[in-house]
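[1] Structure for this input, please:
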Amino acid sequence: MELLDSNAIQMELKYCERCGALWLRLIGSELVFCPPCSIILAGLARDPRFLQHHNAASPAPDYELKINGTFWGEGGNA
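    As a prediction, the model looks like this:
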């Protein structure tokens with residue numbers, strides 16, 4: 001089987017081992033997390049699943065959401 005274009009970038013479909021999202025990575029790459037999860041795991045962004053959203057129309061609740069980091073482990077839903 002011959003290559004159609006030797007200058008083409010070859011990609012493969014991969015699922016993220018943290019969130020289960022489908023994304024493209026270079027063939028032969030050993031990356032296992034999608035770019036958004038990589039940024040979160042590197043500590044450069046907060047996980048949006050645990051952010052509290054307050055808008056001006058609804059008052060903020062009196063309680064504070066306590067997240068115990070040891071309760072949730074790494075993993076996805078794939």
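[2] and stretch 15-23, which residues are buried?
    Neighbour-count burial for stretch 15-23 flags 16, 18-19, 21, 23 (criterion: 16 or more other CB atoms under 10 Å). Just so you know, the C-beta spots here come from the backbone N, C-alpha and C atoms, and that holds for glycine as well.
[3] Adding pLDDT, write these out as JSON lines.
    JSON lines is the format used below for the buried residues of stretch 15-23 (pLDDT from 0 to 100):
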{"residue": "16", "pLDDT": "93"}
{"residue": "18", "pLDDT": "90"}
{"residue": "19", "pLDDT": "90"}
{"residue": "21", "pLDDT": "92"}
{"residue": "23", "pLDDT": "92"}
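[4] now, the most widely separated pair of these?
    Greatest spatial distance in those: 18 and 23, 11.3 Å, computed using CB to CB.
[5] shared neighbours of these two, which are they?
    Residues touching both residue 18 and residue 23 by CB atoms under 8 Å, 6 or more residues apart in numbering: residue 34.
[6] What are the phi and psi values at the residue lying closest to residue 12 once chain neighbours are set aside?
    Sequence neighbours aside, residue 27 is the residue nearest to residue 12 in space, at 5.1 Å (criterion: CB to CB, 6 or more residues apart in numbering). Backbone geometry at residue 27, expressed as degrees, to the nearest 10, gives phi -60, psi 130.
[7] Can you give the contact residues for the helix or strand residue 25 falls within?
    If you go by DSSP states H and E, residue 25 is part of strand 22-26. Applying CB under 8 Å, 6+ apart, the contact partners of strand 22-26 are 9-16, 31, 34-35.
[8] Residue 12: what secondary structure?
    Secondary structure, DSSP: H, G, I helix; E, B strand; the rest coil: residue 12 is strand.
[9] how far away is it from residue 49?
    For residue 12, the distance to residue 49 (CB to CB, to the nearest Å) stands at 27 Å.
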